[in-house]
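>>> fold the following.
(2 chains)
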Number of protein chains: 2
Amino acid sequence: MMRAGPISLVVVMLTAPPLLAEPAAPPRTMAEVLAASVPADWRPLDPQNTLYLQLASGRVVIELAPAFAPGHVANLKTLVRQKYFDGLAVVRSQDNFVVQWGDAEGKRSLGEARATLPPEFTVSLRPDLPFTRLPDPDGYAPEVGFSQGFPAARDRVAGQAWLAHCYGMVGAGRGNEPESGNGSELYVVTGHAPRQLDRNIALVGRVVQGMELLSVLPRGTGPLGFYEQPSEHVPITSVRLAVDVPEAERVPLEVLRTDTATFAALVESRRNRRDDWYKVPAGYIDLCNVPLPARTAR
Amino acid sequence: MMRAGPISLVVVMLTAPPLLAEPAAPPRTMAEVLAASVPADWRPLDPQNTLYLQLASGRVVIELAPAFAPGHVANLKTLVRQKYFDGLAVVRSQDNFVVQWGDAEGKRSLGEARATLPPEFTVSLRPDLPFTRLPDPDGYAPEVGFSQGFPAARDRVAGQAWLAHCYGMVGAGRGNEPESGNGSELYVVTGHAPRQLDRNIALVGRVVQGMELLSVLPRGTGPLGFYEQPSEHVPITSVRLAVDVPEAERVPLEVLRTDTATFAALVESRRNRRDDWYKVPAGYIDLCNVPLPARTAR
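Purely as a prediction, here's the structure:
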């Protein structure tokens, strides 16, 4: 029974699509939606807002979200340009939760970077902040959707928007004081979306490529998944802003825009799976189950 | 900034709990709820319905769910007692989705076990099937909650209940034919809950201990996360039913019952986190974010 099992991505040509009252267009699989996409559906990562986290096992590419955490992103860039992270390590891997890296011993100088920052757990709604609403309800927020390619939420009554803790999202660790996050300790969600963290901590970006290098790191056996022995730490070779890397050494990634008809079709293809394997379409999709495709630029 | 970051489990004594209109009882952390639990809040795993999956890295303990998939569980036990899985391997690890094991080459005889089974994607509601409803709404089902310790959903209009694809749930892989799942290929959810699989495939149990041995397996680079080379396969030493293992070699695990006031208090402690770290309680919890504690029997 080779290749049986649950199917997450299937390339099937519907030679005879079933007649359905809705949607009006014939249902398409995600693969069909992507195959029909046009260049304008994609945007290249901005090298000014792209981080390369280099591990011995490979490179993790992170897109930063300055629209949602401008102070944290600026501080993080200051740290990166000081090569603050080079030689530090992943110090925590908690199963079904996060991996985290930083200065476990707290000995490294922050240099020009700030030690504390005003919290950026939410931002005020403003006209220049796009928001493509998901049609589906959400338990954690009045509305959820996508903003500039990131999973996000908003509360129009409170006049706030925030990024959502989906798999692969990157945040700035903090202590109990809201101002104690400064970007020198970063975590990445590696399990079921811990949405209870939303509005409690600043998310600064998303892993666009290389999640599989972080998600497989051995789980730490100490409290909260911290590694108990320094020998368990996973060394960070370097963290660089893409714009500071020679162009030939950059990863020419494009991500699917989230404000297009193509993206809306992709969401629908996942709300109701139409390939031969699925028997009961869900008729719903959780924010954190919406794929955010990336590809190498042609 | 040692041990800063997002907090998933914090042991904090609230020496001066804030006054709140609701809940009536003072808010408690999960650690406090568990510390106040009584023996009757826990139940031992039934050795007749507990599997030990032995890998070189350690033992994974799986609780079976015969109430939801009696045919699949019976067939799986038949396979296990024939030592069907011994020497087979984990053949698939797809990031943010599943790991899967079975007979990649399809050469091993099923022996007395059946090759096809009637689908058990849902079961009919019946009086002896307990269901502790979660107070929170869910996008994938009319009602969600817990049944015999498993995350579950039900539709009273349709008269059906089913297990939910949360992290750690174990299912029986199948091909496109609904009858093609027989328990000889099993998968475990290792990422954000793929709830779109609910009602499309038979779940047969849940990993109670040892998830971290499966979730860190290197991701396969083939389609659907299958390993491309046999050398990448992760060998299975053995799979045994606990009752067939000498008592001294069993793992004496207890799981928290999900039909008790203690469990209800645990859910509330996670719907609204009250420790010093959290600033904005969510007021909601997703079914798959509810912890299902296990402990070694005293």
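>>> any idea how far A:Leu292 is from the residue lying closest to A:Arg43 once chain neighbours are set aside?
Of all residues not flanking A:Arg43 in the chain, A:Arg257 sits nearest, at 5.5 Å (CB to CB, 6 or more residues apart in numbering or on different chains). C-beta here means a position set from N, CA and C on the backbone, and glycine is covered the same way. To A:Leu292, A:Arg257 is 10 Å away according to CB to CB, to the nearest Å.
>>> quick one: common contacting residues for the two?
A:Gly149 (CB atoms under 8 Å, 6 or more residues apart in numbering or on different chains).
>>> got the contact list for the residue nearest to A:Arg43?
A:Arg257 neighbours (CB under 8 Å, 6+ apart): A:40-43, A:149, A:263.
>>> check the gap between the closest residue to chain B within the stretch 101-250 of chain A and A:Arg59 for me.
At 3.5 Å from chain B, A:Gly173 is the closest residue in the stretch 101-250 of chain A, using CB to the nearest CB. Distance from A:Gly173 to A:Arg59, counting by CB to CB: 22 Å.
>>> now the end-to-end length of stretch A:196-211.
22 Å (CA to CA, to the nearest Å).
>>> how far away from the center of its chain is it?
6 Å (CA atoms, centre = their mean, to the nearest Å).
>>> just the element for the residue most central in space within chain A, please.
With distances taken as CA atoms, centre = their mean, the residue of chain A nearest its centroid is A:Arg206 (2.9 Å). Assigned by DSSP states H and E, A:Arg206 belongs to strand A:203-209.
>>> does chain B sit close to the helix or strand just after that strand?
Next in sequence after strand A:203-209, counting helices and strands by DSSP H and E, comes helix A:211-215. Yes - contact of helix A:211-215 with chain B (CB under 8 Å from any CB of the partner chain) involves A:211-212, A:215.
>>> which of the residues you listed are buried?
By neighbour count, with 16 or more other CB atoms under 10 Å in any protein chain shown, those hold A:211-212, A:215 as buried.
>>> one step back: quick one: strands adjacent to the strand holding A:Arg206?
strand A:58-64 (antiparallel), strand A:169-172 (antiparallel) (DSSP bridges).
>>> could you dump those strands to CSV with mean pLDDT, distance to B:His72 and mean neighbour count?
Converted to CSV, these look like this (pLDDT from 0 to 100; distance: least, CB to CB, whole Å; neighbours: other CB atoms under 10 Å in any protein chain shown):
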stretch, mean pLDDT, distance to B:His72, mean neighbour count
strand A:58-64, 98, 38, 20
strand A:169-172, 98, 35, 27
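>>> give me the pLDDT value at the residue nearest to A:Arg43.
On pLDDT, A:Arg257 comes in at 98.
>>> coming back round to it: what residues does the strand holding A:Arg206 touch?
With contact meaning CB under 8 Å, 6+ apart, strand A:203-209 is reached by A:45, A:49, A:51, A:59-65, A:68-69, A:72-73, A:76, A:149-150, A:162-165, A:168-172, A:183, A:186, A:188, A:214, A:251, A:253, A:255, A:292, A:294.
>>> what residues are up against A:Asn57?
Let me fix one detail, which is that residue A:57 is Ser and not Asn. With CB under 8 Å, 6+ apart, A:Ser57 has these contacts: A:Leu213.
>>> cool, the one 4 residues further on as well?
The contact partners of A:Val61, taken as CB under 8 Å, 6+ apart, are A:45, A:50-53, A:207-210, A:251, A:253.
>>> could you give the bridge partners of it?
A:Tyr52, A:Gln209.
>>> any idea how far A:Leu53 is from it?
Look at A:Val61 and A:Leu53: by CB to CB, they are 8 Å apart.
>>> okay, and the common contacts of the two?
Joint contacts of A:Val61 and A:Leu53 (CB under 8 Å, 6+ apart) are A:Gly210.
>>> could you give the number of residues near the closest residue to A:Gly171 other than its chain neighbours?
Excluding the flanking residues, the one nearest A:Gly171 by CB to CB, 6+ apart is A:Leu203, at 4.6 Å. A:Leu203 has 27 neighbours, counted by other CB atoms under 10 Å in any protein chain shown.
>>> over to the one 5 residues further on?
Close neighbours of A:Val208, defined as other CB under 10 Å, add up to 22.
>>> ok but A:Ser269 is inside a helix, no?
Yes - membership of A:Ser269 in a helix is supported by DSSP: H, G, I helix; E, B strand; the rest coil.
>>> so who does it touch?
A:27-30, A:32-33.
>>> excluding sequence neighbours, find me the nearest residue to it.
A:Met30 (4.6 Å).
>>> the one you found contacts A:Leu266, correct?
Yes - counting by CB atoms under 8 Å, A:Met30 touches A:Leu266, with 5.7 Å between them.
>>> overlap of the contact sets of these two?
A:Pro291.
>>> how distant is stretch A:237-256 from the center of its chain?
17 Å.
>>> how about stretch A:260-272?
Worked out by CA atoms, centre = their mean, stretch A:260-272 lies 19 Å from the chain centre.
>>> that stretch - what's its average pLDDT?
Stretch A:260-272 comes out with an average pLDDT of 96.
>>> identify each buried residue in that stretch, please.
For stretch A:260-272, by 16+ other CB under 10 Å, it's A:260, A:262-263, A:265-272.
>>> then stretch A:213-233?
So for stretch A:213-233, counting by 16+ other CB under 10 Å, buried means A:213-220, A:224-227, A:232-233.
>>> kindly report the same for stretch A:33-47.
Quick answer for stretch A:33-47 (16+ other CB under 10 Å): A:33-34, A:37, A:41-43, A:45, A:47.
>>> and what of stretch A:272-290?
A:272-275, A:277-278, A:282, A:284-290.
>>> biggest separation within these, which pair?
A:Trp277 and A:Leu287 (23.4 Å; CB to CB).
>>> helices - which of the contacts of A:Arg257 land there?
Members of these lying in helices (criterion: DSSP state H): A:Phe263.
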